[in-house]
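In: What would the 3D arrangement of this be:
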Amino acid sequence: MRVDIFTIFPGLLEAVGSESLVGRARQCGLLDLRIHDLRSAATDPRRSVDDTPFGGGAGMVLAPGPVFGAVEVARPPRPLFLLGPAGRPLDQALVQELAALGTAPGGGFSLLCGRYEGVDERVAEHLVDDELSIGDYVLAGGEAAAFVVIEAVARLVPGVMGNAASATEESFADGLLEYPQYTRPADFRGWVVPEALRSGDHARIARWRRAQALVRTIARRPDLLEARGGLSDEEMRLLAEHGYPAVSPRSPEEPSRHEPHRPGRS
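Out: Modelled structure (predicted):
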């Protein structure tokens, strides 16, 4: 998969993009991450990329010239997304869409990092294909958002993660939060790992994990359950089997936030 990023701070992304999972994916040739400096297309000796806004106001605006110039020289894979607050919110469904773009030979997508008070509107209207947001809060620029997108997508590129099952069992993969995880020791300060996980019965473990994922999602993110249409009859039976009342996201008898954590519960 190829991903191109356009920024005025390429060093920021080169640093984080060389470590951990993304760095290994690049070294293995699974992720072709190309980071472009918007200043490379500046035409003045100071390599300026911004200017004051028409109509006055605070701050500076990223000018269209360097942005158009850098993109046209690089000819990056499309779609090209502008990272900004007006974009489509990033969620796991969108991450999967972006990852799927890399399945075709030469496939991928590109990201444009905004800065200052914003980007000249002509960039949004005539250069990028869409806009993307990682949340309703303010950052100094799009570089942090770009890395969030890259790491989320890279996890889904075949071969990047050592265990392919990790991507299918983690939170949001099927509209649920992930079940709680434990490791050794089995008894830590009297807090005992649930017996089901120590049973060696893989079918039982799978059902326990599924029940815990449902309970955790009901307690902490009922909006996720509502988005997938609530609980199925099989899920209701599974909850009852593990000692939880038959609840729905709208029920007043939802488990509390801490109910799933029951040391010793089977």
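In: Check which helix or strand residue 219 maps to.
Out: helix 202-220 (DSSP states H and E).
In: Run through the helices of the stretch 101-250 of the chain in chain order.
Out: 121-126, 143-154, 165-169, 202-220, 222-227, 233-241 (DSSP state H, counting those that start in this stretch).
In: Which of the helices or strands spans residue 34?
Out: Using DSSP H and E, residue 34 sits in strand 32-37.
In: partners of that strand in the sheet?
Out: Applying DSSP bridges to the sheet, strand 32-37 is found paired with strand 2-7 (parallel).
In: can you give me the mean pLDDT across the strand it pairs with?
Out: Across strand 2-7, pLDDT averages out at 98.
In: Now that strand - C-alpha only, CSV.
Out: Taking Å, rounded to 0.1, in the frame of the first residue of the first chain, the C-alpha atoms of strand 2-7 are listed here in CSV:
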residue,chain,number,x,y,z
ARG,A,2,1.2,3.5,-0.8
VAL,A,3,0.4,6.5,1.3
ASP,A,4,1.6,10.0,0.5
ILE,A,5,1.5,12.7,3.1
PHE,A,6,2.0,16.5,2.4
THR,A,7,3.2,18.6,5.3
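In: Follow the chain on from it and name the next helix or strand.
Out: Using DSSP H and E, the next helix or strand after strand 2-7 towards the C-terminus is helix 10-16.
In: Which positions within the helix or strand following that next one qualify as buried?
Out: Per DSSP H and E, the first helix or strand lying C-terminal to helix 10-16 is helix 20-27. Of all the residues in helix 20-27, those buried under the rule 16 or more other Cβ atoms under 10 Å are 21, 22, 23, 24, 25. Heads up, the C-betas are built off the backbone N, CA and C, glycines and all.
In: Same question for stretch 206-223.
Out: Result for stretch 206-223 [16+ other Cβ under 10 Å]: buried residues 208-219, 221-222.
In: Between those residues, which sits nearest residue 8?
Out: Within the buried residues of stretch 206-223, the smallest distance to residue 8 is 36.2 Å, found for residue 221 (Cβ to Cβ).
In: That closest one - nearest residue in space that isn't next to it in sequence?
Out: residue 177 (5.8 Å; Cβ to Cβ, 6 or more residues apart in numbering).
In: still on that earlier bit, tell me which of the helices of the stretch 101-250 of the chain lies nearest to residue 132.
Out: Nearest of the helices of the stretch 101-250 of the chain to residue 132, taken as Cβ to Cβ: helix 143-154 at 7.0 Å.
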